[in-house]
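Asks: How does the following fold in three dimensions:
(chains A and B)
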There are 2 protein chains.
Amino acid sequence: MALKMVLDCDTGVDDTMAILYAALHEDVELLGVGAVFGNVPVDTATRNTTHTLAMVGRDDVPVARGADGPLDGRPQTYALFVHGDDGQGNAGTGRPVAPPVQESAAEQIVRLVRAHPGEVEIVAVGPLTNVALALDLCPELPSLVRGVTIMGGAALAPGNVTPLAEVNIWFDPNAAATVFAAPWRVTMVGLDVTMRTTLTEAHRRQLAAGGTVGDYVARILDFYFDFCASRELGERSGFLHDTLAVAVAAGALVPNLAPTVDVQVDTGEGPGRGQTVCDLRGRYMGFPEQPGAHCVVVLETDPGFADEAVALIAAAGDAQIDVTPSRLAASHGNGR
Amino acid sequence: MALKMVLDCDTGVDDTMAILYAALHEDVELLGVGAVFGNVPVDTATRNTTHTLAMVGRDDVPVARGADGPLDGRPQTYALFVHGDDGQGNAGTGRPVAPPVQESAAEQIVRLVRAHPGEVEIVAVGPLTNVALALDLCPELPSLVRGVTIMGGAALAPGNVTPLAEVNIWFDPNAAATVFAAPWRVTMVGLDVTMRTTLTEAHRRQLAAGGTVGDYVARILDFYFDFCASRELGERSGFLHDTLAVAVAAGALVPNLAPTVDVQVDTGEGPGRGQTVCDLRGRYMGFPEQPGAHCVVVLETDPGFADEAVALIAAAGDAQIDVTPSRLAASHGNGR
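Replies: Numbering: from 1, shown residues only, chains lettered A, B, ... in the order given. Purely as a prediction, here's the structure:
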């Protein structure tokens, strides 16, 4: 039976692939998607989420607009240099999409979880603001949900925005601290594994050779590959990041090492701000049980997973909407 | 030519091996040793340092007593459950030793460095309090020293006292922050490598089969192996820890991976207190140069180094002093 999932995204390039993966995978029953600020402003994330679902004919999945900034009201910066001004590698269509539903992303999480007690996995691949707001709306959420899986954090790997902080946690450390502290199972799919699962030019060619859905994804990856070449990998390639969280939640990607340990989030103003502090001191002892710990920290997965994810998206065929680049989008492209 | 070295130790079990290694290795010219609180109180550390040098006939090396607690004056706890009440696995001789020299460990560092400008490596394998005090006494020390090598910190490995903090840094984060920030080369030999270099029961037997020096070391390792079995490794074995810093400084152990990166010490009160925050974000790009960075973070060494260290100490022959267990010490033993 497919897993009931509510996804929460700050839809940039890799989020787009995660949404496609969730929408296309037979083991996932996608109940709704929330959008949040992060890679891009929340309105851009909302638009891109709706657009992505429409591409594969999944207009039936409700899209809710969520938080436009962190819980503490600090001014927000985005990662447009990673995902493009449009969050689609400056290669989106720029065409209008359907408006989001009236309820907020947090309200949608609460409604969908309440409708299916014990069955819904919340999969959050952006800042955890919407999930923290849902906890605020419904303090009994932890007893109603199956669990929460996030793409975010770094346990033993370096951060990607500071030496220690992964960007989704960094964007709203207070929200992350709330989510990790709540009494539910949190599965953390962080940089320890997502930085080990790379998309290559061969994957991009495979996508481009699929239908227009795959071709669209190959197009938006172009800008992202340039970013990774200059800042993270030294060659034109990229990371799947968000898709791994969806796949781990769905059971399509089974971690090779994922101890259940205590995790705190550093919300201070020191060099550790935004760090996911995972208690992995037990690693030489095979991770003995930590009483009260409820966070599953994924430390090893099969790097070959990228092949499966790419194959699924490449097989999506042609888009249900027109995804040819608009003149407007083309004028904002990176000239490749 | 042998490297002029000033060693600074909080002499517990592994420090004893590091002192022996430094005193015995032909590539090291040991100018002096300072003692500091940490594993044990400073008076115990001073006594054990003097005793260790006397064992191998190196009474010529001056031993100076140093700080009895951290710079900020907080009450100090020790690691007697790791090193025994006597810092010698409750298996020391308990016999009196010569008193330390009159100057403090910090004063001794300054004097020895000034006597050999550009030639002295400070190797600190306990809390960095004495080294920070030496900087305070002599602000130009960074331009006079060859460099500083420490056993301490953890870059990508978990901590050993909190999830993030290694104990030498944890004992005095302010001193560590001062030492890492000063404009000299700091080589950090931390848990990333020291937790990968284990001493086994076979090593212990090899030591016991040497002269009375090796037999003494085998005896004090017994208690430490029990600690590691119950708390860190799950089997009777231990870590060399401090000896690695001496060997790296001396060039006897050449790191396989040791990027020069920015390092900050978290001195806050959050979950990151005492963490060595190493900027390793460049690791997928082969660690591009970080302008201004002056900290060499050792990430990989040959785990087989333990064999060499054990062989050197096992070959030390018989002690120059009586190292048979005293009746007093035996009555405090762990009954093995």
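
Asks: CA only for contacts and neighbour counts going forward, please
Replies: Will do.

Asks: What separation do you get for A:D59 and chain B?
Replies: 39 Å (C-alpha to the nearest C-alpha, to the nearest Å).

Asks: what's the residue nearest to that residue when sequence neighbours are not counted in contact with, if anything?
Replies: Leaving aside its sequence neighbours, A:D59 sits nearest to A:L53 (C-alpha to C-alpha, 6 or more residues apart in numbering or on different chains; 5.9 Å). Going by C-alpha atoms under 8 Å, 6 or more residues apart in numbering or on different chains, A:L53 touches A:19-20, A:23, A:59, A:61.

Asks: What are the buried residues along the host helix or strand of A:L53?
Replies: Using DSSP states H and E, A:L53 sits within helix A:42-55. Buried residues in helix A:42-55, defined by neighbour count with 16 or more other C-alpha atoms under 10 Å in any protein chain shown: A:42-55.

Asks: Is there contact, residue-wise, from stretch A:144-161 to chain B?
Replies: Yes - using C-alpha under 8 Å from any C-alpha of the partner chain, we find that stretch A:144-161 touches chain B at A:156-160.

Asks: What residues of that stretch count as buried?
Replies: A:144-160.

Asks: What of stretch A:163-178?
Replies: Neighbour-count burial for stretch A:163-178 [16+ other C-alpha under 10 Å]: A:163-178.

Asks: Show me the strands in the stretch 51-200 of chain A, by range?
Replies: A:63-65, A:120-124, A:147-151, A:186-189, A:198-199 (DSSP state E, counting those that start in this stretch).

Asks: what sits against the closest residue to A:F287 other than its chain neighbours?
Replies: Excluding the flanking residues, the one nearest A:F287 by C-alpha to C-alpha, 6+ apart is A:P259, at 6.4 Å. Residues near A:P259 by C-alpha under 8 Å, 6+ apart: A:287, A:296-299.

Asks: Buried among those residues? Make that a ChimeraX selection.
Replies: This is how ChimeraX selects the buried members of the contacts of A:P259, with burial counted by 16+ other C-alpha under 10 Å:
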select /A:296,297,298,299
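
Asks: Chain A against chain B: which residues are in contact?
Replies: Counting by C-alpha under 8 Å from any C-alpha, the residues of chain A lying close to chain B are A:156-160, A:162-164, A:232-234, A:264, A:266, A:268, A:270-272, A:277-282, A:284-285.

Asks: still on that earlier bit, in a markdown table: the strands of the stretch 51-200 of chain A, plus mean pLDDT.
Replies: Putting the strands of the stretch 51-200 of chain A into a markdown table (pLDDT from 0 to 100) gives the following:
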| stretch | mean pLDDT |
| --- | --- |
| strand A:63-65 | 98 |
| strand A:120-124 | 98 |
| strand A:147-151 | 98 |
| strand A:186-189 | 98 |
| strand A:198-199 | 94 |
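
Asks: Save those strands as CSV, and put in distance to B:T197 too.
Replies: Converted to CSV, the strands of the stretch 51-200 of chain A look like this (distance: least, C-alpha to C-alpha, whole Å):
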stretch, distance to B:T197
strand A:63-65, 52
strand A:120-124, 39
strand A:147-151, 33
strand A:186-189, 29
strand A:198-199, 31
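
Asks: Tell me where the stretch 201-336 of chain A has helices.
Replies: With helices called from DSSP state H, counting those that start in this stretch, the stretch 201-336 of chain A shows them at A:201-208, A:212-231, A:242-250, A:305-314, A:327-331.

Asks: what do you get for the stretch 51-200 of chain A?
Replies: Under DSSP H, counting those that start in this stretch, the stretch 51-200 of chain A gives helices at A:80-83, A:105-115, A:129-137, A:141-144, A:167-171, A:173-181, A:191-194.

Asks: which of those is buried the deepest?
Replies: Ranked by mean neighbour count, the helices of the stretch 51-200 of chain A are led by helix A:167-171 with a mean of 27 (mean count of other C-alpha atoms under 10 Å in any protein chain shown).

Asks: My read is that A:V246 contacts A:E121, right?
Replies: No - A:V246 is beyond contact range of A:E121, at 9.8 Å (criterion: C-alpha atoms under 8 Å).

Asks: which neighbours do these two share?
Replies: Counting by C-alpha under 8 Å, 6+ apart, the residues touching both A:V246 and A:E121 are A:T149.

Asks: who has more neighbours, these two?
Replies: Just comparing A:V246 and A:E121: by other C-alpha atoms under 10 Å in any protein chain shown the higher neighbour count belongs to A:V246, 29 against 23.

Asks: Find the residue at the geometric middle of chain A.
Replies: Closest residue to the average C-alpha location of chain A: A:V125 at 2.4 Å, with C-alpha atoms, centre = their mean.

Asks: and the nearest residue to that one once chain neighbours are set aside, what is it in contact with?
Replies: Excluding its sequence neighbours, the residue lying closest to A:V125 (C-alpha to C-alpha, 6+ apart) is A:M151, at 4.6 Å. Applying C-alpha under 8 Å, 6+ apart to A:M151 gives the contacts A:123-126, A:168, A:188-190, A:241-242, A:244-245.

Asks: quick one: which of those is most hemmed in?
Replies: A:V189 (32 neighbours).

Asks: Would you mind listing the residues in contact with that one?
Replies: With C-alpha under 8 Å, 6+ apart, A:V189 has these contacts: A:149-153, A:244-245, A:248, A:297-299.

Asks: gap between it and chain B?
Replies: Taking C-alpha to the nearest C-alpha, one finds A:V189 at 17 Å from chain B.

Asks: For that residue, list each beta-bridge partner.
Replies: Residues in a beta bridge with A:V189, per DSSP bridges, are A:M151, A:V298.

Asks: isn't A:V13 right up against A:D85?
Replies: No - the pair A:V13 / A:D85 is not scored as a contact, 11.1 Å apart, by C-alpha under 8 Å.

Asks: So for these two, which sits in the more crowded spot?
Replies: A:V13 (26 against 21).

Asks: What distance separates the opening and closing residues of stretch A:239-254?
Replies: Using C-alpha to C-alpha, to the nearest Å, the end-to-end distance of stretch A:239-254 comes out at 18 Å.

Asks: now it: mean pLDDT?
Replies: Stretch A:239-254 shows a mean pLDDT of 97.

Asks: Over to stretch A:158-178?
Replies: The average pLDDT within stretch A:158-178 is 97.

Asks: any idea how far the helix holding A:L53 is from the chain center?
Replies: Relative to the mean C-alpha coordinate of its chain, helix A:42-55 is positioned 13 Å out (C-alpha atoms, centre = their mean, to the nearest Å).

Asks: do the same with stretch A:208-216
Replies: That offset, for stretch A:208-216, works out to 21 Å (C-alpha atoms, centre = their mean).

Asks: Same question for stretch A:279-299.
Replies: 24 Å.

Asks: now stretch A:31-47
Replies: With C-alpha atoms, centre = their mean as the basis, stretch A:31-47 stands 11 Å off its chain's centre.

Asks: just for the stretch 201-336 of chain A, where's the confidence low?
Replies: A:327-336 (pLDDT under 70).

Asks: do that again at 50, thanks
Replies: A:330, A:333-336 (pLDDT under 50).

Asks: and the residue of it nearest chain B?
Replies: Going by C-alpha to the nearest C-alpha, chain B is nearest to A:D279 of the stretch 201-336 of chain A, at 4.6 Å.

Asks: how about the nearest residue to that residue, chain neighbours excluded?
Replies: Looking at A:D279 with C-alpha to C-alpha, 6+ apart, the closest residue is B:P163, at 4.6 Å.

Asks: Next, the one you found: phi, psi?
Replies: phi -60, psi -20 (degrees, to the nearest 10).

Asks: same thing with A:A18?
Replies: phi -70, psi -40.

Asks: Pull up the gap between it and A:D242, please.
Replies: Distance from A:A18 to A:D242, by C-alpha to C-alpha: 6 Å.

Asks: Likewise for A:A105?
Replies: A:A105 is 18 Å from A:D242, by C-alpha to C-alpha.

Asks: From one end of stretch A:249-264 to the other, what's the distance?
Replies: Its start and end residues considered, stretch A:249-264 measures 21 Å (C-alpha to C-alpha).
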